[in-house]
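Chemist: Curious how this folds, go ahead:
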Amino acid sequence: MQWKLREIDSIKAEAISNHFGFPKSVAEVLIGRNYDTPEKVKQFITVTLESLGSPFVLHGMTEACDRLALAMREKQNILIHGDFDADGITSSALLTIFLREIGVQVETFIPNRLTEGHGLSRRFLDLAVEKKAQLVITCDCGSSNEKEILVLKTHGIDTIVTDHHHITKPIPSAIVVNPKHDHTEEQPEELSGVGVVFMLLMALRKKLREEGFFEGKSEPNLKKYLDIVALGTIADMAPLIGQNRILVLKGLEELQKTTRPGILAMKEKSGITAAQTMNSFDVGFKLAPRINAAARLGYSMEAFEIMVADHPLTAAHLSSQMEEWNASRKKIQTKMVDQCQKELFRQIDENEILVFASRDFHPGLIGLAAQKICSDTGKPAFVFRVEDEIAKGSARCRSPYQLVEIMDSVKDLLMEYGGHSEAGGCKLLTKDLQEFTRRIQLKAMEQKSSGPESCAWVDAFVHADDLNLELQQQLSKLGPFGIGNPEPLLMTHAMVGSVSEVGQGHMRVTLRSPRGEHFPASLLKMECLEKVI
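Modeler: The predicted structure is shown next:
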């Protein structure tokens, strides 16, 4: 890993620093992230819900609101179908809670990850017919279900697709609300699935208001739903820029004071106190894993139920179950990674890509195992669950490797595959695993030799004398931090103040300025810290 200090125009940095009263290093961080004019900086630091803009810029939004309003007027049977990850579960919960609170009866279905897989299954189609549904609304899925949606249409069932995944082909049988459908600059492409649903609620509320639906009764305040939006957006690792940053920043405020029994129960179990200021780390590493763990082990409907729970006892019971599932997930994942470690030492020096396959791997956790191996080694990792003649795999990688390109190079061997540059999955015949492994090594070596050098960019150099509380406070205003808006990385010359062990193999470090003040540094792996010292 190479550490490189960004080259920043010092004149621009001085101008922004003077204009806003920032320390110069804060201005350098902003410029390094392309907020290089006073206008751009003001837009970034001024976060209001009014800045979200009109939801009607999203493709299909007007048609979706018209169809949903019709279903409400005629009291049609509405069936919601969500994906089984945290984004899909929160999307479905958001839509369900809103509609129920304004008096609309709906039923919600979340598929079992282990038995039904992504998208609309045969079981769901049968269920929709059995329930005599007249309208199906998908949440965080549906963009690749053209055939299934056509089947619903033949039974007289209309479909509204709310999603944010890439659309492989048009879906003429559905109303599609997806920022990636006929994308234009006006559409907020970074939205997660739950963000798309929130935009639908904004648009629907406006339409219902214009139709007089709320006359004589209170109109729902959409701000109170942002706790769910923030949870789903962070869990989906959506970039925290643009509209997502607004939704998450305001959503974290709602999460801190939420009264939802399910979220309160999960906060208590994860050690988040009522007085604690919520941040993206709390969501991404404490709340979201509990939802995902349940879904990965086959309990996606239970994860949905805790989100919509309206009684503390129900929420407490479900939360206890989720703790058990999360503990089981950790044990199974550790066992899988340990099993891979035995093979890792043989592969690490020989292969550019690490490939592991076993009949013993849990199908819901292969992605987490791949993520762990990739994170620890820096190399792309494929982890396959072998089921007789079929091997189903999940993969993770990072720059300079491009995962979809790697899978494209062997698509003749693959029965299914998909994903993006850093995460994805595929399915192939077990007998082809060896040839698959041989050929992807060649593609990875090609990418490595032609790709950019792996490096960590340092946002700014800070003199030790300038390490103070004001700097910390000003930097914190650039949050929330996460994908697309990482925590600022600063370089300084300072003495190590203290070192203490935090968890297995990690250390907490404080730096001491010339004035004797102590400030926290990032967590470093123990072996890295030893090299630094």
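Chemist: residues in contact with V462?
Modeler: By Cβ atoms under 8 Å, 6 or more residues apart in numbering, the contact list for V462 reads S25, L471, L490, M491, T492. Quick note: C-beta positions are derived from backbone N, CA and C, even for glycine.
Chemist: switch to 6 Å and redo it
Modeler: By Cβ atoms under 6 Å, 6 or more residues apart in numbering, the contact set of V462 is S25, L490, T492.
Chemist: From those residues, which land in strands?
Modeler: L490 (DSSP state E).
Chemist: Pipe the contacts of V462 into CSV and attach distance to A295, pLDDT and neighbour count per row.
Modeler: Shown next, in CSV, are these (distance: Cβ to Cβ, whole Å; pLDDT from 0 to 100; neighbours: other Cβ atoms under 10 Å):
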residue, distance to A295, pLDDT, neighbour count
S25, 41, 94, 25
L490, 37, 88, 20
T492, 42, 84, 17
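Chemist: Looking at the contacts of V462, which is nearest L231?
Modeler: Ranking the contacts of V462 by separation from L231, with Cβ to Cβ as the measure, puts L490 on top at 29.5 Å.
Chemist: what's the spacing between that closest one and P514?
Modeler: Going from L490 to P514 by Cβ to Cβ, to the nearest Å gives 16 Å.
Chemist: Check the contact between Q243 and V196; I expect there is one.
Modeler: No. If you go by Cβ atoms under 6 Å, Q243 and V196 don't touch, sitting 10.5 Å apart.
Chemist: who's more crowded, those two?
Modeler: Legend: neighbour count by other Cβ atoms under 10 Å for Q243 and V196, higher for V196 (24 against 21).
Chemist: Can you dump the C-alpha atoms of the helix or strand where that one lies in CSV for me?
Modeler: V196 belongs to helix 193-210 when assigned by DSSP states H and E. Output of helix 193-210 as CSV, limited to C-alpha atoms (Å, rounded to 0.1, in the frame of the first residue of the first chain):
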residue,chain,number,x,y,z
GLY,A,193,-33.8,1.0,-2.4
VAL,A,194,-35.2,2.5,0.8
GLY,A,195,-34.3,6.0,-0.6
VAL,A,196,-36.4,5.3,-3.7
VAL,A,197,-39.3,4.2,-1.5
PHE,A,198,-39.0,7.4,0.6
MET,A,199,-39.2,9.4,-2.6
LEU,A,200,-42.3,7.5,-3.5
LEU,A,201,-43.8,8.5,-0.2
MET,A,202,-42.9,12.1,-0.8
ALA,A,203,-44.6,12.1,-4.2
LEU,A,204,-47.7,10.1,-2.9
ARG,A,205,-48.2,12.4,0.0
LYS,A,206,-48.2,15.4,-2.4
LYS,A,207,-50.8,13.7,-4.7
LEU,A,208,-53.0,12.7,-1.8
ARG,A,209,-52.9,16.2,-0.4
GLU,A,210,-53.9,17.6,-3.8
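Chemist: Looking at G482 now. What's its pLDDT?
Modeler: pLDDT, G482: 89.
Chemist: neighbours around it, how many?
Modeler: 23.
Chemist: Show me what the following helix or strand past the helix holding V196 is packed against.
Modeler: Sequence-wise, the next helix or strand downstream of helix 193-210 (DSSP H and E) is helix 226-235. The contact analysis (3 or more Cβ pairs under 6 Å, 6 or more residues apart in numbering; DSSP states H and E) places helix 226-235 against helix 86-101, helix 193-210, helix 242-256.
Chemist: Spatially nearest residue to Y417 (excluding sequence neighbours)?
Modeler: Once flanking residues are discounted, Y417 sits nearest to C426: 3.7 Å by Cβ to Cβ, 6 or more residues apart in numbering.
Chemist: Got phi/psi on the one you found?
Modeler: Per-residue torsions, C426: phi -160, psi 170 (degrees, to the nearest 10).
Chemist: elements contacting the helix holding V196?
Modeler: Checking 3+ Cβ pairs under 6 Å, 6+ apart, helix 193-210 ends up next to helix 61-73, helix 86-101, strand 158-162, helix 226-235.
Chemist: run the last query once more with 7 Å
Modeler: With contacts defined as 3 or more Cβ pairs under 7 Å, 6 or more residues apart in numbering; DSSP states H and E, the packing partners of helix 193-210 are helix 61-73, helix 86-101, strand 158-162, helix 226-235, helix 242-256.
Chemist: For it, which residues meet the burial criterion?
Modeler: Judged by neighbour count using 16 or more other Cβ atoms under 10 Å, the buried positions of helix 193-210 are 193-205, 207-208.
Chemist: ok, back up a step: count of residues packed around the residue nearest to Y417?
Modeler: Under the neighbour criterion other Cβ under 10 Å, C426 is assigned a count of 24.
Chemist: which sections of this structure are below the confidence cut-off?
Modeler: Within the chain, the stretches with pLDDT under 70 are 1, 183-187, 451-454, 503-505, 522-533.
Chemist: And the most centrally placed residue in it, how far from V194?
Modeler: With distances taken as Cα atoms, centre = their mean, the residue of the chain nearest its centroid is D236 (1.3 Å). Per Cβ to Cβ, D236 is found 7 Å from V194.
Chemist: what sits in contact with each of those two?
Modeler: D87 (Cβ atoms under 7 Å, 6 or more residues apart in numbering).
Chemist: quick one on the thing from earlier: can I get the helices and strands packed on helix 226-235 in JSON lines with distance to R123?
Modeler: Formatted as JSON lines, those follow (distance: least, Cβ to Cβ, whole Å):
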{"stretch": "helix 86-101", "distance to R123": "16"}
{"stretch": "helix 193-210", "distance to R123": "21"}
{"stretch": "helix 242-256", "distance to R123": "33"}
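Chemist: For R290, find the nearest of those.
Modeler: helix 86-101 (9.1 Å).
Chemist: so after the closest one, what's the next helix or strand?
Modeler: Downstream of helix 86-101 (by DSSP H and E), the next one is strand 106-109.
Chemist: Tell me the helices and strands packed up against that following strand.
Modeler: The helices and strands touching strand 106-109, judged by 3+ Cβ pairs under 7 Å, 6+ apart, are strand 78-82, helix 86-101.
Chemist: Out of the buried residues of helix 193-210, which is nearest to F361?
Modeler: G193 (27.2 Å).
Chemist: Give the other helices and strands that the longest helix along the chain contacts.
Modeler: Determined from DSSP state H, the single longest helix within the chain is helix 312-347. Counting contacts by 3+ Cβ pairs under 7 Å, 6+ apart, helix 312-347 packs against helix 261-269, helix 288-296, helix 300-308, strand 354-358, helix 366-377.
Chemist: rerun that using 10 Å as the cut-off
Modeler: Identification of packing neighbours for helix 312-347 by 3 or more Cβ pairs under 10 Å, 6 or more residues apart in numbering; DSSP states H and E yields helix 261-269, helix 288-296, helix 300-308, strand 354-358, helix 366-377, strand 381-387.
Chemist: Only the buried residues of that helix, if you could.
Modeler: Neighbour-count burial for helix 312-347 flags 314-319, 321-323, 325-326, 329, 332-333, 336-337, 339-340, 344, 347 (criterion: 16+ other Cβ under 10 Å).
Chemist: Check stretch 267-280 too.
Modeler: Buried residues in stretch 267-280, defined by neighbour count with 16+ other Cβ under 10 Å: K267, K269, S270, I272, M278, N279, S280.
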